[in-house]
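J.: model this:
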Amino acid sequence: MGTPEFAVPSLNALIESGHDVVLVITQPDRPQGRGRRYIPPPVKVEALRNDIPLIQPERIKEGDIYKMLNEIRPDAVVVVAYGQIIPEDMLSMPRHGFINVHASLLPLYRGAAPINRAIMDGCKVTGVSIMRLDAGLDTGPVYMKAEEIIRDTDDAISLGKRLAMLGAEKLVETIYLIARDGIKAIPQDHEKATYAPMLKKEEGLIDWSMDAVTIFNRIRGLVPWPCAYTYMDAKLLKIWKATFSLEDHSLEYGLLMKDGRGMKVVCKDGFIIPQKVQLEGKKIMDSQAFACGLKMSNVLLEAK
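T.: Model (predicted):
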């Protein structure tokens, strides 16, 4: 059970390691882009490529799912970023339960956006946890964990790709041990739990009175959605990639200034230096090219 690109390496790892993947459950195709064309989720594309039976229920609680699981009698159900809560009465149907790949070192960052939140919080290390689902939100016992360094150059996309591969590797290791009764899941320390709630669009709005590191981490953590953004002449301006410099100044926060590197924006203790930007209605641009098109040397960015 999985939906986005993050889940594809786990599906492929199960196939390549010789397990019999008898069914894939993923979310329905959703309309995307300006044309609102229905796009299949990446897990669907991979399942079809491997000729694996596939279903896309709008709600996992649909009665046919219970019937199918009873007929299939799976040893285990693997869940990787599926996007729906598994009903409690379904969790005990497979012999080894529901095994989940979660992109954090549990009990830290339980919830929907662990990769984004770890970067936004300035963490230097994160990882993956292979756990058995229970009725709570990422509260089940953990079979295995593995750490991954968060690089200064990482954003949520690059870090997510590495965690997806790491999660797939540890998933296969865990299932191998489960099948041989060679591993036990260890209960989490719930008192140490932290949470990574789903991202909201308004979280992308940049407060230029914040310090440079905080803004930098927000820019990195909020790609590809909702993206860190500001407003220039009442038009939304997304910042896809940036660096920063720490400098004393007495300039007004949010002042965008053209310079030799393209442009920089004044914040509390220095400057954010955009590298990739996207003005409302336009494509993503290199900041130097964007700066060349600005008529004024200084522009005050707004919160609208």
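J.: Could you double-check that residue 31 lies in contact with residue 38?
T.: Yes. Contact criterion CB atoms under 8 Å: residue 31 and residue 38 qualify, at 5.5 Å. (Glycine included, C-beta is placed from N, CA and C.)
J.: Show me the strands in the stretch 201-304 of the chain, by range?
T.: Counting by DSSP state E, counting those that start in this stretch, one finds strands in the stretch 201-304 of the chain at the ranges 228-232, 235-246, 255-259, 262-267, 270-279, 285-286, 298-300.
J.: what would those strands look like in CSV with mean neighbour count and mean pLDDT?
T.: Formatted as CSV, those follow (neighbours: other CB atoms under 10 Å; pLDDT from 0 to 100):
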stretch, mean neighbour count, mean pLDDT
strand 228-232, 21, 97
strand 235-246, 18, 97
strand 255-259, 17, 92
strand 262-267, 23, 94
strand 270-279, 20, 96
strand 285-286, 16, 95
strand 298-300, 15, 87
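J.: These: which one's closest to residue 116?
T.: strand 228-232 (11.3 Å; CB to CB).
J.: Run through who's touching that closest one.
T.: With contacts defined as CB atoms under 8 Å, 6 or more residues apart in numbering, strand 228-232 is touched by 204-206, 208, 215, 218-219, 222, 236-239, 254, 256, 265, 279, 299, 301-304.
J.: hmm, try it at 6 Å
T.: 204, 206, 218-219, 222, 236-239, 301-302, 304 (CB atoms under 6 Å, 6 or more residues apart in numbering).
J.: ok, now stretch 205-221?
T.: 116, 119-120, 122, 155-156, 228, 230, 239, 242, 244, 246, 253-254, 267-270, 272.
J.: Can you give me the buried ones in that stretch?
T.: 206, 208, 210, 212, 214-221 (16 or more other CB atoms under 10 Å).
J.: Domain map for this protein?
T.: Taking automatic domain parsing as the reference, the chain has its domains at 5-192, 201-300.
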